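# I'll drop the sequence and a predicted model, then ask my questions.
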Amino acid sequence: MIGAILIAGSNVKRTFSCLLLILCVVVPVHSQAPSRQSVYLVTLKDAFVNKALADYLSRCIDRAHQEKAQCLIIQMTTPGGMLEAMQEIVRLFLNSPVPVVVYVAPRGGNADSAGAFIVMSAHIAAMAPASRIGAARPVLVSPTGTEGPASEMQKIMMEKATNAVIGTIRAIAEERRRNTKWAEKMVRQSAVLTAREAVEQKVVDMIADDLDELLRRIDGRQVRTADGTVTLRTAAAPIVELRMTPKESFLHFLSDPSVTLLLLFIAVLGFVLEVYNPGAVLPITVAIIAFLLFLYSSTLIPVNVVGVLLIIASAGFFVAELFVTSHGVLAVAGIVCLILGGYFLIPEPGPGQSFYAAHFRVAPGTLVGLTVVIGAVLGGAGVAIVKSQRRKPAFGREGLIGSVGEARTDLAPTGTVFVSGTWWTADAVDGEIKAGEKVEVADIEGLRLKVRKVPQGGV
């Protein structure tokens, strides 16, 4: 019995020792195995390149680096945007510690103007079939929106701006080992390349039908980042999508020119309604908030000073309509100023601020719709004011004449009447009036009423 117990005990010890040995071997091996890192994805559809977008991409790069992502993929289409914001994004990509992959997609996508710089500054540049890249010549935007033959100084400014951005895109191409000649052509000649042409000319690295194919094609590639060389393992990596925070989405929303116009229209409308109805409080409160948001929005996109002044002038015409008998001429002038101000709000090409989206405009439907709405609201307010002016006053001398009351004493010709909730001394103007009979106020002299008898069957 004792021998059986000893044998069983030795078996337990042997089993425990084996398990301990297995744990000592397996656990360290498991801890040394690399964790399965994720691929972070940002999706930008027709994104305008501005400061809000640059801040968003900066946050995405920081998070991808902190969480040791395999890479950050930016799937984008863009019409271009502001020069300063583009340069900030290029610097972010060139100094990024995490590999950045820019993918122009879906099919038919575009990386125009500033977008071409952003694509070429990525560690890996890819395009979907039937997409395009290029047209990167800078457009100089005039703050006043004036047009006409360029002066000698304006030509010099344009040449300087063009040469500066050519130097920028050539430097990007050299750093990423891409075709510097075609990079220069995209700026100097506004050249545009299809996805296939861009790969053939070594402007981008590859064509990928979709995101899955892109992940397979970049798998195993070595990328040199600010932190050193990284070998990508993306074929089976999980994808984590990074979305804009509510604040970032709101700030990016403010960069839409139609929204900029809407904010200025709301500010003008609120101001005019406050003048039409003093003390309402709500219109002027909304107007102040809308105008402050408009000021911020105007820092994200170029705004034409003339357009702003025209819209402000429209408010002046609407207010003047209250005090001047113009038979609607001033109101019509205000509507015209609104339309012209909305049309000119985003400036036409001219000398001034560098800009990369020549087709960035207020939607025509937005302009027409806002003008109709504001015209209808102000027209309705004008009609209400006219009606109120024609309405018989409810208080004071004018409001009391014509009021009907009751004689409380005999008026022969003087007595007491009760009119509009008040006792009055009154004189009968058309004969004696008995107590209890209905009277109508004909006139007022000081604090004494002149009344006449209301015929039987009258009011």
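Yep, it's here. Numbering: from 1, shown residues only.
# so where's this structure shaky on pLDDT?
Along the chain, segments meeting pLDDT under 70 span 1-36, 139-151, 154, 347-361, 363, 378-399, 457-459.
# How about L447, nearest residue that isn't a chain neighbour?
What sits nearest to L447 in space, not counting adjacent residues and going by C-beta to C-beta, 6 or more residues apart in numbering, is T425, at 7.1 Å. (C-beta placed from N, C-alpha, C; glycine too.)
# isn't there a strand covering that neighbour?
Yes - membership of T425 in a strand is supported by DSSP: H, G, I helix; E, B strand; the rest coil.
# need the contact list for I433.
Applying C-beta atoms under 8 Å, 6 or more residues apart in numbering, one finds that I433 lies in contact with 407, 410-412, 415, 439, 451, 453.
# so can I have JSON lines of these showing distance to A105?
Conversion of the contacts of I433 to JSON lines gives the following (distance: C-beta to C-beta, whole Å):
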{"residue": "A407", "distance to A105": "90"}
{"residue": "D410", "distance to A105": "98"}
{"residue": "L411", "distance to A105": "94"}
{"residue": "A412", "distance to A105": "100"}
{"residue": "G415", "distance to A105": "94"}
{"residue": "V439", "distance to A105": "87"}
{"residue": "V451", "distance to A105": "87"}
{"residue": "K453", "distance to A105": "90"}
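# who wins for most neighbours among those residues?
Using other C-beta atoms under 10 Å as the neighbour criterion, V451 leads these with 28 neighbours.
# That one looks like it's in a strand, true?
Yes - V451: assigned to a strand according to three-state DSSP.
# Find the nearest non-adjacent residue to it, please.
Counting by C-beta to C-beta, 6+ apart, V439 is the residue found nearest to V451 once chain neighbours are left out, at 4.1 Å.
# Three-state assignment for the one you found, please.
strand.
# That one and K453 touch, don't they?
Yes - taking contacts as C-beta atoms under 8 Å, V439 lies within contact range of K453: 6.3 Å.
# Using the three-state scheme, assign D430.
Secondary structure for D430, judged by three-state DSSP, is coil.
# what pairs with the host helix or strand of V223, and is each one parallel or antiparallel?
In the assignment (DSSP states H and E), V223 maps to strand 222-225. When sheet partners are counted by DSSP bridges, strand 222-225 sits next to strand 228-231 (antiparallel).
# The nearest residue to V303 once chain neighbours are set aside: how many residues sit nearby?
In space, and not counting its chain neighbours, V303 is closest to L345: 6.3 Å by C-beta to C-beta, 6+ apart. By the other C-beta under 10 Å criterion, the neighbourhood of L345 contains 28 residues.
# Enumerate every residue touching L345.
Under the contact definition (C-beta under 8 Å, 6+ apart), the residues listed for L345 are 257, 260-261, 264, 303-304, 307-308, 311, 362.
# Recalculate using a threshold of 10 Å.
By C-beta atoms under 10 Å, 6 or more residues apart in numbering, the residues touching L345 are 145, 257-258, 260-261, 264-265, 298, 301-308, 310-311, 361-362, 367.
# which among these end up buried?
Of the members of the contacts of L345, the ones counted as buried by neighbours, 16 or more other C-beta atoms under 10 Å, are 145, 257-258, 260-261, 264-265, 298, 301-304, 306-308, 310-311, 362, 367.
# Where does V101 sit, in terms of helix or strand?
strand 100-104.
# Could you check that strand and say which residues are buried?
Of the residues in strand 100-104, those buried by neighbour count under the rule 16+ other C-beta under 10 Å are 100-104.
# from those, which is closest to R59?
The nearest member of the buried residues of strand 100-104 to R59, counting by C-beta to C-beta, is V100 at 13.7 Å.
# hang on, that closest one packs against S58?
No - no contact is recorded between V100 and S58 when judged using C-beta atoms under 10 Å, the distance being 11.7 Å.
# Spit out the residues that contact those two alike.
The overlap between the contact sets of V100 and S58 (C-beta under 10 Å, 6+ apart) consists of 89, 92.
# Quick one: the strands in the stretch 101-250 of the chain, in order.
In the stretch 101-250 of the chain, strands defined by DSSP state E, counting those that start in this stretch lie at 110-112, 124-127, 132-134, 139-141, 192-194, 206-207, 222-225, 228-231, 239-241, listed in chain order.
# So which elements touch the last one?
For strand 239-241, the contact count by 3 or more C-beta pairs under 10 Å, 6 or more residues apart in numbering; DSSP states H and E identifies strand 39-44, strand 71-76, helix 211-218 as packing neighbours.
# re the thing from before, got a list of what the residue nearest to L447 touches?
Under the criterion of C-beta under 10 Å, 6+ apart, the neighbours of T425 are 409, 411, 414-417, 446-449.
# so how many other residues sit close to K51?
That count, for K51 with other C-beta under 10 Å as the rule, works out to 17.
# so it makes contact with M82?
Yes - when contacts are counted by C-beta under 10 Å, K51 is listed as touching M82 (7.4 Å).
# picking that back up, shared neighbours of V439 and K453, which are they?
Looking at what touches both V439 and K453 (by C-beta under 10 Å, 6+ apart), the common residues are 407, 411, 428, 433.
# wait, which of those is closest to V230?
Top of the list for closeness to V230, among the shared contacts of V439 and K453 and by C-beta to C-beta, is A407 at 103.1 Å.
# right, and the closest one touches T416 too?
Yes - counting by C-beta under 10 Å, A407 sits close enough to T416 to count as a contact (7.6 Å).
# a strand runs through A320, doesn't it?
No - remark: A320 does not belong to a strand; assigned using three-state DSSP, it is helix.
# what sits against it?
A320 neighbours (C-beta under 10 Å, 6+ apart): 326, 330-331, 333-334.
# V192 too?
Under the criterion of C-beta under 10 Å, 6+ apart, the contact partners of V192 comprise 110, 112, 116, 132-136, 185-186, 198.
# Bridged to the residue nearest to it when sequence neighbours are not counted, which residues?
Nearest residue to V192, sequence neighbours excluded (C-beta to C-beta, 6+ apart): G134, at 3.7 Å. Legend: beta-bridge partners of G134 under DSSP bridges are D112, V192.
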